[in-house]
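S.K.: Sequence and predicted structure, then a few things I'm wondering about:
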Amino acid sequence: MVTLLKQPKQIITIDSNGKNHKRGSEMNDIGLLENHSLLIENGKIKKIIENSSIAKSNFDNEIDLIDKIILPGLIECHTHTAFAGSRSEEFRLKLQGIDYEEIAKKGGGITNTMRAVRKSSFDELIEIIKPRIDYFISQGITTLEIKSGYGLSFYDEIKLLQVIKELNKIYSIDIVPTFLGAHTFPPEYKNDNAKYIDMITSELIPYVSKNKLAYFCDVFCETTAFSAEQTEAIFNVAADNGLKLKLHTEQFNSIGGLEVALKMNAVSADHLEVLKKEQIDLFAESETTAVLLPGVSFFLDYDYAPARELIDANAIVALATDYNPGSSHISNFQLIMSLAALKMGMTIEEILTAVTLNAAYALDLSETLGSIEVGKNADFSIFAASDYSELVYNIGKNLNIMTIKKGEIIYKQEGSET
Ligand code: NIG
Ligand code: FE
């Protein structure tokens with residue numbers, strides 16, 4: 001059955017020009033089309049046609065999108081959505097001037113959430129996480145990465161990954177699982193870090209890989225978490241076990257993590273708030289995506305990653321919320337897009353590329369996702385706006401009225417005429 005997505009005001013194709021990412025100045029080229037419609041069939045994009053050539057014989061049914069804007073389904077490529085509990089008490093401390101790393105050193109932070117996750121059953125976690133996924137979908141997100149990292153024991157890390165797997169079955173969006181057992185050292189291994197790393201490398205990673213519980217392995221490389229050497233040791237085992245790599249790095253301190261990520265061809269290096277000048281150029285030739293998380297800088301009130309300099313240096317840049325209970329309790333994607341413009345100097349066009357094609361690339365999925373091109377999956381977010389710039393200009397306001405995954409409408413805003 002062929003469906004016509006009829007006469008939208010604008011189609012933002014993010015046409016990839018035969019590549020699977022955009023770097024540097026290419027990020028401004030969003031492939032804007034007017035006076036065109038889309039034909040979709042069997043969950044894929046069949047044709048992009050001029051409105052003047054639409055004939056009744058072309059399609060079986062239609063979705064009227066007059067005055068709407070179509071974008072590739074938005075892609076959220078870095079989240080910690082699988083958490084339990086609340087850290088609002090820590091938020092109070094933060095407002096009193098106690099900083100994130102200090103709170104973590106006092107047994108708060110990631111270990112605080114770990115305790116809540118360990119206390120929660122599989123079923124409880126599913127119910128806690130579902131509304132968060134619904135909220136992402138209502139914003140036009142059709143692909144969502146979720147990390148483990150709050151279990152920090154064999155049993156609880158596997159429990160979280162199984163929860164993520166089950167959620168991927170429940171929802172029709174793609175949920176991409178990332179193993180983040182190396183998020184921090186849990187209290188029981190505080191005095192024996194090597195033993196925890198040994199558990200990760202000799203037990204967890206082989207189990208995760210054998211049971212296909214994660215696509216990526218991530219590590220938090222930071223003075224309060226894992227060193228560059230420890231990161232490299234974990235990455236070597238992960239790569240040997242067929243996992244692709246991602247790294248939380250250069251968030252508060254630059255301790256060699258980025259160099260490990262680039263050397264090992266990590267798919268992405270995420271955070272980068274304290275990136276040094278000479279490190280920016282390392283992205284010019286690299287295939288590793290710089291995933292920037294302006295919500296963290298906003299939430300913790302510190303430096304923003306040098307997005308402008310990275311793009312000017314020809315990097316591949318993507319954006320994400322980093323949705324988590326401690327450093328970015330923000331799941332509003334549109335706010336992230338606006339922060340990227342206002343605080344990191346990105347253009348509206350660069351931002352749209354960063355949340356579609358480049359975000360797909362940061363999940364190793366840009367062969368099939370992230371742009372509106374014939375043969376790619378029919379994943380779309382539909383916005384009620386007169387121009388695509390409204391998406392960044394309307395700060396924190398959800399303009400998405402319909403989310404389409406593989407050709408099926410999976411979300412429709414109540415009261416919308418479409
Ligand atoms: O990406 N940096 C480490 N991990 C998360 C924060 C996790 C937490 O505080 O719960 C982040 O910022
Ligand atoms: Fe993160």
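M.R.: The structure has been received and is ready for your questions. Ligands and ions are numbered 1, 2, ... in the order given.

S.K.: so when I look at residue 401, I'm seeing a helix, right?
M.R.: No. Secondary structure of residue 401, determined by DSSP: H, G, I helix; E, B strand; the rest coil: strand, with no helix assignment.

S.K.: Please report how far it lies from residue 226.
M.R.: Using Cβ to Cβ, to the nearest Å, one gets 43 Å for the distance from residue 401 to residue 226. Every residue, glycine included, has its C-beta placed from N, CA and C.

S.K.: hey, which helix or strand in this structure has the poorest pLDDT?
M.R.: In the chain, no helix or strand scores lower on mean pLDDT, DSSP states H and E than helix 100-105, which sits at a mean of 86.

S.K.: and it, how far from the chain's centre?
M.R.: 25 Å (Cα atoms, centre = their mean, to the nearest Å).

S.K.: Are it and ligand 1 in contact anywhere?
M.R.: No. Contact check for helix 100-105 against ligand 1, using Cβ under 6 Å from any ligand atom: none in range, with a minimum separation of 7.1 Å.

S.K.: ok, back up a step: who has more neighbours, residue 401 and residue 226?
M.R.: residue 226 (28 against 23; other Cβ atoms under 10 Å).

S.K.: Quick check, pLDDT for the more buried one.
M.R.: pLDDT, the model's per-residue confidence, is 98 for residue 226.

S.K.: and it, what is it in contact with?
M.R.: Residues counted as contacts of residue 226 (Cβ atoms under 8 Å, 6 or more residues apart in numbering) are 182, 197, 219, 220, 234.

S.K.: Quick check: bridge partners of it?
M.R.: Counting by DSSP bridges, residue 226 forms beta bridges with residue 221.

S.K.: Distance from the strand or helix carrying residue 310 to the middle of the chain?
M.R.: With secondary structure defined by DSSP states H and E, residue 310 is part of helix 307-312. Its chain's C-alpha centre and that of helix 307-312 lie 19 Å apart, by Cα atoms, centre = their mean.

S.K.: Just give me the neighbour total for residue 301.
M.R.: The number of residues near residue 301, taken as other Cβ under 10 Å, comes to 9.

S.K.: hmm, back to that, walk me through which strands the next helix or strand after the helix holding residue 310 pairs with, and which way each runs.
M.R.: Per DSSP H and E, helix 307-312 leads on to strand 317-319 as the next helix or strand towards the C-terminus. Strands adjacent to strand 317-319 in the sheet, as given by DSSP bridges, are strand 289-292 (parallel).

S.K.: Do a quick rundown of the helices in the stretch 1-150 of the chain.
M.R.: Listed in chain order, the helices of the stretch 1-150 of the chain (DSSP state H, counting those that start in this stretch) span residues 88-95, 100-105, 110-119, 122-138.

S.K.: The stretch 301-418 of the chain too?
M.R.: Defined through DSSP H, counting those that start in this stretch, the helices belonging to the stretch 301-418 of the chain, from first to last, are 307-312, 333-344, 348-354, 357-361, 390-393.

S.K.: So which other helices or strands are in contact with the last one?
M.R.: Think helix 390-393. Secondary-structure packing of helix 390-393 (3 or more Cβ pairs under 8 Å, 6 or more residues apart in numbering; DSSP states H and E): strand 68-72, helix 333-344, helix 348-354.

S.K.: list the buried ones in that helix?
M.R.: Residues 390, 391, 392, 393 are the ones in helix 390-393 that count as buried (16 or more other Cβ atoms under 10 Å).

S.K.: And for that helix, what's in contact with it?
M.R.: Contact with helix 390-393 is made by 69, 71, 334, 337-338, 340-341, 348, 351-352, 383, 385, 399, as judged by Cβ under 8 Å, 6+ apart.

S.K.: now, which of those sits nearest ligand 1?
M.R.: Ranking these by separation from ligand 1, with Cβ to the nearest ligand atom as the measure, puts residue 340 on top at 16.6 Å.

S.K.: can you tell me how far the closest residue in space to that closest one that isn't next to it in sequence sits from residue 246?
M.R.: Distances taken as Cβ to Cβ, 6 or more residues apart in numbering place residue 346 nearest to residue 340, at 4.5 Å, with adjacent residues excluded. For residue 346, the distance to residue 246 under the criterion Cβ to Cβ works out to 21 Å.

S.K.: Nearest residue to the middle of the chain?
M.R.: Compute the mean C-alpha point of the chain, and by Cα atoms, centre = their mean the closest residue is residue 77, 1.5 Å away.

S.K.: can you tell me which residues contact it?
M.R.: 143, 145, 176, 268, 291, 318, 320, 359, 360, 362, 363.

S.K.: Please list the residues of the stretch 151-300 of the chain that sit near ligand 1.
M.R.: Applying the criterion Cβ under 6 Å from any ligand atom, the portion of the stretch 151-300 of the chain that neighbours ligand 1 consists of 220, 248, 251, 296.

S.K.: Buried subset of those residues as a ChimeraX selection?
M.R.: Filtering these down to the buried ones (16+ other Cβ under 10 Å) takes a single ChimeraX command:
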select :220,248,251,296
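
S.K.: got the residues of the stretch 151-300 of the chain next to ligand 1 as CSV, with secondary structure columns?
M.R.: Converted to CSV, these look like this (three-state DSSP):
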residue, secondary structure
220, strand
248, strand
251, coil
296, helix
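
S.K.: farthest-separated two in the residues of the stretch 151-300 of the chain next to ligand 1?
M.R.: 220 and 296 (12.6 Å; Cβ to Cβ).

S.K.: Pull up the overlap in contacts between the two.
M.R.: Contact with both residue 220 and residue 296 is made by residues residue 251, according to Cβ under 8 Å, 6+ apart.

S.K.: give me the residue from this protein nearest ligand 1.
M.R.: Taking Cβ to the nearest ligand atom as the measure, the point where the chain comes nearest ligand 1 is residue 326, at 2.4 Å.

S.K.: Pull the contacting residues for that residue.
M.R.: Residue 326 sits next to 87, 90, 100, 103, 109, 110, 112, 113 when contact means Cβ under 8 Å, 6+ apart.
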